[in-house]
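Colleague: Output the structure for:
(one chain, ligands or ions: 1)
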Amino acid sequence: MSAPLIEIKNVSFRYEQTIALEAINMTVEEGDFLAILGPNGSGKSTLLKILLGLLKPTTGEVKLFGKDTKHFKEREWIGYVSQKSNSFNSGFPATVEEVVKGGLVKKAGLFHRVPASATKEVDRALRSVGMEELRKRPIGELSGGQQQRVFIARALVSRPKVLILDEPTVGVDQQNVQAFYDMLDRLNREEGITLILVTHDADVVSDRISHVACLNQTIHFHGFKNELERMSDEQREAWYGHSVRKVHHVGGRS
Ligand SMILES: Nc1ncnc2c1ncn2[C@@H]1O[C@H](COP(=O)(O)OP(=O)(O)OP(=O)(O)O)[C@@H](O)[C@H]1O
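Modeller: Below you'll find the model as predicted:
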């Protein structure tokens, strides 16, 4: 069996006064679609920053694709869509395709030429998120959900194996949330991209997700999404700090 894509071993992290993460153990396997859930301040962003190599664990270790983070150089294998990416106003002077092409800079390096195949790669990425028709439109003229898709295309253009999304449905209007999850589901199942999404809202757990991790400084639950149903109210309260609504979607993937 190949090594897990991500292995988090006994990771703790503290900011000067605050212990943000304590003894986190978790693995993500190829093809997983994992939702990391937790209330405000539970350490979700800190954990992501550690996975992205922006913060170093205070103790413990993280392995990416079987390698210690110190030796992991293939950063383009991990795509990232940040929380605030879909908030461009109408005056922002870039078209959809220019924004997506910008994602190739990470792969080519800032002072290298973007390869001649860039247009093909941009087309492919825009098709993956169903945005090829809008390629000439200024990014600021699109809805929050459409902008979010463009930023996913920007992350996909360098062909990552894992895509990390921070609160991806913020700014996506309610009637488009399901279509947004359909798109993520397709990326996961058809293109084989491992997905990790972070949210503080248990309600967004959809049928498309395969695994759930409940974080609040420590991991209170990590497993298949439909096993989350078995978490007792006490465990739920210990995790969230107050009563939360149970997730009712038990169908779908396991
Ligand atoms: N730069 C920092 N310096 C000091 N403390 C910080 C810093 N960033 C985060 N913290 C603290 O670490 C804890 C975890 O924060 P983190 O941002 O990881 O949580 P989160 O789950 O992403 O929250 P949210 O859902 O509100 O985005 C919080 O108590 C927070 O106040």
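
Colleague: Which helix or strand lies directly C-terminal to the biggest helix by length in the chain?
Modeller: Secondary structure assigned by DSSP state H gives helix 174-189 as the longest helix of the chain. Towards the C-terminus, the helix or strand next in line after helix 174-189, according to DSSP states H and E, is strand 194-199.

Colleague: So what touches the next helix or strand along the chain from that following strand?
Modeller: Along the chain past strand 194-199, the next helix or strand (assigned with DSSP H and E) turns out to be strand 211-216. The set of residues that contact strand 211-216 without belonging to it, under CB atoms under 8 Å, 6 or more residues apart in numbering, is 24, 26, 28, 32-39, 42-44, 47, 205, 219-225, 228, 231, 239-241. To be clear about C-beta, it is placed using only N, CA and C from the backbone, and glycine gets the same treatment.

Colleague: by contact count, what packs against the helix or strand just after strand 211-216?
Modeller: Counting by DSSP H and E, the next helix or strand C-terminal to strand 211-216 is strand 218-224. The contact analysis (3 or more CB pairs under 8 Å, 6 or more residues apart in numbering; DSSP states H and E) places strand 218-224 against strand 19-28, strand 211-216, helix 233-240.

Colleague: What about the closest residue to the ligand within the stretch 51-200 of the chain, how many residues nearby?
Modeller: Relative to the ligand, the nearest point of the stretch 51-200 of the chain is residue 200 (4.3 Å; CB to the nearest ligand atom). Using other CB atoms under 10 Å as the criterion, residue 200 is surrounded by 17 other residues.

Colleague: From here on, call the first residue 772.
Modeller: Sure thing, new numbering starts at 772, so read that last one as residue 971.

Colleague: I figured it was touching residue 813, is that so?
Modeller: Yes - the criterion here is CB atoms under 8 Å, and residue 971 meets it with residue 813 at 7.2 Å.

Colleague: Narrow the contacts of strand 982-987 to just the buried residues.
Modeller: Neighbour-count burial (16 or more other CB atoms under 10 Å) is assigned, among those, to 795, 797, 799, 803-810, 813-815, 818, 976, 990-993, 996, 999, 1002, 1010-1011.

Colleague: Just name the most buried of the helices and strands packed on strand 989-995.
Modeller: Counting by mean count of other CB atoms under 10 Å, strand 982-987 has the highest mean neighbour count of the helices and strands packed on strand 989-995, with a mean of 22.

Colleague: could you dump it to PDB, C-alpha only?
Modeller: C-alpha atoms of strand 982-987 as PDB (Å, rounded to 0.1, in the frame of the first residue of the first chain):
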ATOM      1  CA  HIS A 982     -14.800  11.600   5.900                       C
ATOM      2  CA  VAL A 983     -15.200  14.100   8.700                       C
ATOM      3  CA  ALA A 984     -12.800  15.400  11.300                       C
ATOM      4  CA  CYS A 985     -14.200  17.300  14.300                       C
ATOM      5  CA  LEU A 986     -11.600  19.700  15.600                       C
ATOM      6  CA  ASN A 987     -11.600  21.900  18.700                       C
END
